[in-house]
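Undergrad: Have a look at this prediction, sequence included:
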2 protein chains.
Amino acid sequence: MLSNASKYAVRAVLFLADKSDASTKYSAKAIGEELEIPVYFIAKLLQQLVKAGLVSSSKGPKGGFYLSEENLQNNACKILHEIDGEDVFSHCFMGLPRCGDKNPCPVHHIVSPFKDKLMAKFQKQSIKELSDEIDEKGMYLSLKDS
Amino acid sequence: MLSNASKYAVRAVLFLADKSDASTKYSAKAIGEELEIPVYFIAKLLQQLVKAGLVSSSKGPKGGFYLSEENLQNNACKILHEIDGEDVFSHCFMGLPRCGDKNPCPVHHIVSPFKDKLMAKFQKQSIKELSDEIDEKGMYLSLKDS
DNA sequence: ATAATAAAAGACTAATTAGTATTTTATATA
DNA sequence: TATATAAAATACTAATTAGTCTTTTATTAT
């Protein structure tokens, strides 16, 4: 459903949402190691997100990636769309072309409400709100030391 | 989540569950065209399932693929496992290593019940039962002519 | 100024998944 | 018994995804 790339990207962004700000930046190396993601890979992904205006960065010593206040107002869906393309969630789980409420595949009635719930998480909440919820409810972006 | 291969395979098997029996067989060509699946591809997949004992076949004129009464007693999960390997559903949706009830990723509480429901479909029901339900509830395996 | 740091850019390689084509073997039927 | 049919076996090619590496550019601090 999601590519490794977009999973990595979302985790990295949520990490930055929690830990970074304009004066506390993280290098690709630090992020990759913290989240157990290949360093060169997450570097490339974050650069792509910077280009798309979803993440902020600065070069040089004390540079790195971070989320600005504006970045925090975006929803997580934008990350997915930027990395995996616009139709990440639109394909039928069983691969049935033109599957829908009127012509459901055998698992449409299970998959459809699941997608709705995911959308509520990723689309209706801002990254800031999602990140706060992750903190409150004790969810994890990394289990490196657990 | 599922590969094209396993989606194709499940649809093909459910098609055979509905339409075939020991005296009514379908060629790979017929199945591929009916389900809008690349013919050579579904041929190869069905051959793999025959080898695994999940589908039956006979060669020559009037030959083709079909499901025997024994084949119908299997669950659909076996198809998925045969094609995509044993850990199709076990990976975390966000790619978090060691995600689980105790250490949930940000969408674990949404994904986990979804997986349970899918399991109930694919693991607890036989292919026969699933196929009957598809008939009853008017679900689709193909929308070729809709 | 210069050295060190870290992103940006871009060019790769590797692995996996998807799909196609060819040859061989078995079997029904004419 | 010859022919046509269709699976089985096998060997591919193509496309996508995953991951790595090198060079360049900008910036900070010494």
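TA: It's in. Numbers count the residues shown, from 1 in each chain, chains lettered A, B, ... in the order given.
Undergrad: tell me which parts of chain A are close to DNA strand D?
TA: Contact residues, chain A versus DNA strand D (C-beta under 7 Å from any atom of the strand): A:3-5, A:8, A:38-41, A:43-44, A:58-63. C-beta coordinates here come from the backbone N, C-alpha and C atoms, glycine included.
Undergrad: how much space is there between residue A:129 and chain B?
TA: 12 Å (C-beta to the nearest C-beta, to the nearest Å).
Undergrad: Actually, residue A:80.
TA: Counting by C-beta to the nearest C-beta, the gap from residue A:80 to chain B is 11 Å.
Undergrad: Wait, that residue touches residue A:88, no?
TA: Yes - counting by C-beta atoms under 8 Å, residue A:88 is a contact partner of residue A:80 at 5.1 Å.
Undergrad: Could you tell me which residues touch both of those two?
TA: Common contacts of residue A:80 and residue A:88, defined by C-beta atoms under 8 Å, 6 or more residues apart in numbering or on different chains, comprise A:2, A:6.
Undergrad: Show me which of those two is the more surrounded one.
TA: residue A:80 (23 against 17; other C-beta atoms under 10 Å in any protein chain shown).
Undergrad: Give me the pLDDT value at the more buried one.
TA: You'll see residue A:80 listed with a pLDDT of 98.
Undergrad: mind listing the helices in chain A by residue range?
TA: A:4-19, A:28-35, A:39-51, A:69-73, A:76-84, A:108-122, A:127-136 (DSSP state H).
Undergrad: And chain B, is the second one touching that?
TA: No - residues of helix A:28-35 are not located near chain B by C-beta under 8 Å from any C-beta of the partner chain, the shortest gap being 8.9 Å.
Undergrad: CA atoms only: put that helix into PDB for me.
TA: What follows is helix A:28-35, C-alpha atoms only, in PDB (Å, rounded to 0.1, in the frame of the first residue of the first chain):
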ATOM      1  CA  ALA A  28      19.900  13.200   7.700                       C
ATOM      2  CA  LYS A  29      22.500  11.100   9.500                       C
ATOM      3  CA  ALA A  30      20.900  11.800  12.900                       C
ATOM      4  CA  ILE A  31      17.400  11.100  11.700                       C
ATOM      5  CA  GLY A  32      18.400   7.900   9.800                       C
ATOM      6  CA  GLU A  33      20.200   6.600  12.900                       C
ATOM      7  CA  GLU A  34      17.400   7.500  15.300                       C
ATOM      8  CA  LEU A  35      14.700   5.900  13.100                       C
END
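Undergrad: quick one: it to helix A:4-19, angle?
TA: Relative orientation of helix A:28-35 versus helix A:4-19 (axes from the mean of the first three to the mean of the last three C-alpha atoms, to 10 degrees): 90 degrees.
Undergrad: Please see if helix A:28-35 touches DNA strand C.
TA: Yes - contact of helix A:28-35 with DNA strand C (C-beta under 7 Å from any atom of the strand) involves A:28, A:29.
Undergrad: Which other helices and strands does that helix contact?
TA: Applying 3 or more C-beta pairs under 8 Å, 6 or more residues apart in numbering or on different chains; DSSP states H and E, we find helix A:28-35 packed against helix A:4-19, helix A:39-51, strand A:64-66.
Undergrad: Report the distance from that helix to the chain centre.
TA: The chain centroid and the centroid of helix A:28-35 are separated by 15 Å, computed with C-alpha atoms, centre = their mean, to the nearest Å.
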